[in-house]
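Peer 1: sequence first, then the predicted structure, then my questions.
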Amino acid sequence: MLKISEQIIIPDHEIELRAIRAQGAGGQNVNKVSSAIHLRFDIRKSSLPAGIKEKLLRMSDRRLTRDGVIIIKAQQHRHQEANREAALSRLREIIQQAARTRKKRLPTRPSRSSRKRRLEQKKKHGRLKALRRKPVPGEND
């Protein structure tokens, strides 16, 4: 079982873990031992609450397929068990991120004094620009 939070627990049968050979440098260990872990988690067939499923399916992540399956490949560690833990913790992080509710933004308005300061600044800037203009003949008669 993978515990996401107090309310959300994913049973083991919903997570498919497969040991595969890791890629890249590593010599004999990489060539002989299947220490990398390939994790597959089908969101649509899972027992997650509907709201979290929707958020997960809407997320734009390269680990999510069109079929709604999260695929995680863990191969940074030398031992299979360490890679298994890394893959499960990454899945936990993805689901926890989807489970978080964002705080609703309260619209605010500028205060009266800030509006007054802004208008005063605009007037001051306008007067300064007016002083930079060339004088028009016959205007100061």
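Peer 2: Now that the structure is in, tell me what you want to look at. Nothing here was measured: the structure is a model prediction, and the numbers come from that model.
Peer 1: list the helices and strands the host helix or strand of Ile52 packs on?
Peer 2: Taking DSSP states H and E as the criterion, the element that holds Ile52 is helix 50-58. Packing contacts for helix 50-58, counted by 3 or more CB pairs under 8 Å, 6 or more residues apart in numbering; DSSP states H and E, involve helix 80-99. To be clear about C-beta, it is placed using only N, CA and C from the backbone, and glycine gets the same treatment.
Peer 1: and the helix or strand just after the helix it packs on, what does it pack against?
Peer 2: Toward the C-terminal end, the helix or strand that comes next after helix 80-99 (DSSP H and E) is helix 112-132. Contact partners of helix 112-132 among helices and strands, from 3+ CB pairs under 8 Å, 6+ apart: none.
Peer 1: ok, then the element right after the helix holding Ile52?
Peer 2: Sequence-wise, the next helix or strand beyond helix 50-58 is strand 69-74, with elements assigned using DSSP H and E.
Peer 1: just the CA trace of that next one, in PDB.
Peer 2: Once non-C-alpha atoms are left out, strand 69-74 reads as follows in PDB (Å, rounded to 0.1, in the frame of the first residue of the first chain):
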ATOM      1  CA  VAL A  69      -1.300   6.200 -17.300                       C
ATOM      2  CA  ILE A  70       1.500   7.600 -15.200                       C
ATOM      3  CA  ILE A  71       4.800   6.000 -16.200                       C
ATOM      4  CA  ILE A  72       7.900   6.500 -14.000                       C
ATOM      5  CA  LYS A  73      11.300   5.100 -14.600                       C
ATOM      6  CA  ALA A  74      13.700   5.000 -11.600                       C
END
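Peer 1: check which residues of that strand are buried.
Peer 2: In terms of neighbour count (16 or more other CB atoms under 10 Å), strand 69-74 has its buried residues at 70, 72-74.
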